[in-house]
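Novice: no letters, just coordinates:
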């Protein structure tokens, strides 16, 4: 997964301060790339399926599909994909923790 270092370099209104966007802009490109690389194949598969569902997917061998949108809608799609990724990663970590606790018997009071 390759992350464009200019991904977060867009202007926002002063009244619309976004603390997360400010934080992301302060990060070194290497840090952002490392976080992007940490996504598992399972998370990537779910995000791909989710984005395809949002955009629509027709078989490329039968259709010449072009999607046109404005900058704001594309930003919303990107934000949705990112939030889905972060949510899925957290749930994946929770699943791993639950499995680990199951193995030790902690959840069952053994």
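Specialist: Happy to help now that I have it. Owing to the predicted nature of the structure, the values given are computational and were not obtained by experimental measurement.
Novice: next SSE after the strand or helix carrying residue 50?
Specialist: Applying DSSP states H and E as the criterion places residue 50 in helix 41-55. Per DSSP H and E, the first helix or strand lying C-terminal to helix 41-55 is helix 71-104.
Novice: how far does that following helix sit from the chain's center?
Specialist: Computed by C-alpha atoms, centre = their mean, to the nearest Å, the chain-centroid distance of helix 71-104 equals 7 Å.
Novice: next: stretch 85-105.
Specialist: On C-alpha atoms, centre = their mean, the centre of stretch 85-105 falls 18 Å from that of its chain.
Novice: list the buried residues of that stretch.
Specialist: 85, 88-89 (16 or more other C-beta atoms under 10 Å). All C-beta atoms are positioned from the backbone trio N, CA, C, and that covers glycine.
Novice: need these in JSON lines (columns: distance to residue 27 and pLDDT).
Specialist: JSON lines is the format used below for the buried residues of stretch 85-105 (distance: C-beta to C-beta, whole Å; pLDDT from 0 to 100):
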{"residue": "85", "distance to residue 27": "16", "pLDDT": "82"}
{"residue": "88", "distance to residue 27": "21", "pLDDT": "85"}
{"residue": "89", "distance to residue 27": "17", "pLDDT": "83"}
